[in-house]
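Colleague: Sequence plus the predicted model coming up.
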Amino acid sequence: MKIVVIGAGGAMGRRVADRLERRGAQVVRAHRATGVDAATSEGLTAAVDGADVVIDCLNVAAATEAKAVAFFEQTAANIADAAKAAGARVVLLSISNASDPAVNAKMGYYKGKARQEQVYREKLGEQLTIVHTTQWFELALTMSEQFALGPLAMMPHMVTAPLAADDGADVIVDVALGASFAGAASIQVRGPERMDLLDVARQARKALGRKGKVFSLRFGGPGLTDGSLIPDPADVITSTTVKRWLATL
Ligand SMILES: NC(=O)c1ccc[n+]([C@@H]2O[C@H](COP(=O)([O-])OP(=O)(O)OC[C@H]3O[C@@H](n4cnc5c(N)ncnc54)[C@H](OP(=O)(O)O)[C@@H]3O)[C@@H](O)[C@H]2O)c1
């Protein structure tokens, strides 16, 4: 089975591509560093030609809603067109409830993800499965470092049911190989415990011996803290607890 992983150099794309290879798939690792640009379509048709499945694990560091929406809209349209021409199924990685206006009202990046989902749905219909996951434990470290000012790390409160990226990758791979949720339009994946990602950031930085406190940052509106980020019901509840994940750092 030929599977193209778009964004295969990233945190999730790399995990997915490695697992697929271990399970015997012929994997094409497609991202700009390997000559495939999903925004301009450079190298895209050739990469997707003959594919059975295309997995979209793309990301953009977008500071504004306009940039996030433009990137995800364009890349979704380009990938959907290429996949359709090749007769390939698409598995899109997205964020649980990011398309809910109550959640994304003050989150330009989430509005970009909402537009990405919409474009794919319109173009592909039944050829598409969206795997929505809650926030990954790893995001706590990425975000707290992204918002750091010298030794002062900052992080918004985000009440979610976070999961280990490795567990998320296992689900995506099963879906791509048709081993679970065959034919599903969309599935929801969450971690085992409800918690504030700010607390995960504090514990993770402590475990890594990082100096300095993590301060709370006002950001994103009430949808980030009132439980709306947690899908209910979820199709998959992953097993790795924060305690077990911290022990891997
Ligand atoms: N973090 C979370 O908690 C979480 C939760 C749920 C869902 N998600 C979603 O998961 C997805 C992947 O996130 P991630 O953290 O794994 O991403 P990431 O580490 O930032 O990696 C992004 C990948 O996209 C590639 N890329 C960027 N622009 C490209 C372009 N124009 N054409 C082709 N490739 C391009 C990058 O490689 P090059 O630079 O070489 O192009 C890289 O391989 C995102 O859509 C995110 O919304 C994240």
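Modeller: Received it, and whenever you're ready, just let me know what you need.

Colleague: Which one of the residues in the protein is closest to the ligand?
Modeller: The nearest approach of the chain to the ligand comes at Gly10, 2.0 Å away (C-beta to the nearest ligand atom). For every residue, glycine as well, the C-beta is placed using N, CA and C.

Colleague: Please tell me I have it right and Val4 contacts Val54.
Modeller: Yes. Contact criterion C-beta atoms under 8 Å: Val4 and Val54 qualify, at 4.7 Å.

Colleague: Quick check: neighbours shared by these two?
Modeller: Common neighbours of Val4 and Val54, counting by C-beta atoms under 8 Å, 6 or more residues apart in numbering, are Val48, Ala88.

Colleague: Now do the SS call for Val90.
Modeller: Following DSSP: H, G, I helix; E, B strand; the rest coil, we place Val90 in the strand state.

Colleague: what residues are up against it?
Modeller: Neighbouring residues of Val90 by C-beta under 8 Å, 6+ apart: Val53, Val54, Ile55, Asp56, Ile79, Ala80, Ala83, Tyr120, Leu124, Gln127, Leu128, Thr129.

Colleague: what do you get if the cut-off is 10 Å, keeping everything else the same?
Modeller: Going by C-beta atoms under 10 Å, 6 or more residues apart in numbering, Val90 touches 4, 6, 48, 51, 53-56, 76, 79-80, 82-84, 120, 123-124, 127-130, 176.

Colleague: got it, and Gly87?
Modeller: When contacts are counted by C-beta under 10 Å, 6+ apart, Gly87 is found next to Val48, Gly50, Ala51, Asp52, Gln127.

Colleague: Could you pick out which of the contacts of Val90 are located in strands?
Modeller: Members of the contacts of Val90 lying in strands (criterion: DSSP state E): Val4, Ile6, Val53, Val54, Ile55, Asp56, Leu128, Thr129, Ile130.

Colleague: I'd like to know which elements the longest helix along the chain is packed against.
Modeller: Counting by DSSP state H, the longest helix found in the chain is helix 65-86. Secondary-structure packing of helix 65-86 (3 or more C-beta pairs under 10 Å, 6 or more residues apart in numbering; DSSP states H and E): strand 2-6, helix 44-48, strand 53-56, strand 89-95, helix 108-124.

Colleague: Pull out the buried positions in the longest one.
Modeller: Read that as helix 108-124. Neighbour-count burial for helix 108-124 flags 109-117, 119-121, 123-124 (criterion: 16 or more other C-beta atoms under 10 Å).

Colleague: These: which ones sit near the ligand?
Modeller: Among the buried residues of helix 108-124, the residues that sit close to the ligand (C-beta under 6 Å from any ligand atom) are Lys113.

Colleague: ok, so of the buried residues of helix 108-124, who is nearest Ala88?
Modeller: Leu124 (9.9 Å; C-beta to C-beta).

Colleague: Identify the residues contacting the closest one.
Modeller: Contacts of Leu124 by C-beta under 10 Å, 6+ apart are Ala76, Ile79, Ala80, Asp81, Ala83, Lys84, Ala88, Arg89, Val90, Leu92, Ala185.

Colleague: Try it again at 6 Å.
Modeller: Ala80, Val90 (C-beta atoms under 6 Å, 6 or more residues apart in numbering).

Colleague: Please apply the same query to Gly223.
Modeller: Here Gly223 is in contact with Ala102, Val103 (C-beta under 6 Å, 6+ apart).

Colleague: Just confirm Met143 is within a strand.
Modeller: No. Under three-state DSSP, Met143 falls outside any strand and is assigned helix.

Colleague: Any regions of the chain where pLDDT drops low?
Modeller: Scanning the chain for pLDDT under 70 picks out no residues.

Colleague: Near the ligand, which residues of it are found?
Modeller: Residues of the chain lying near the ligand (C-beta under 6 Å from any ligand atom): 6-13, 31-33, 36-39, 57-60, 93-95, 113, 133, 135-136, 139.
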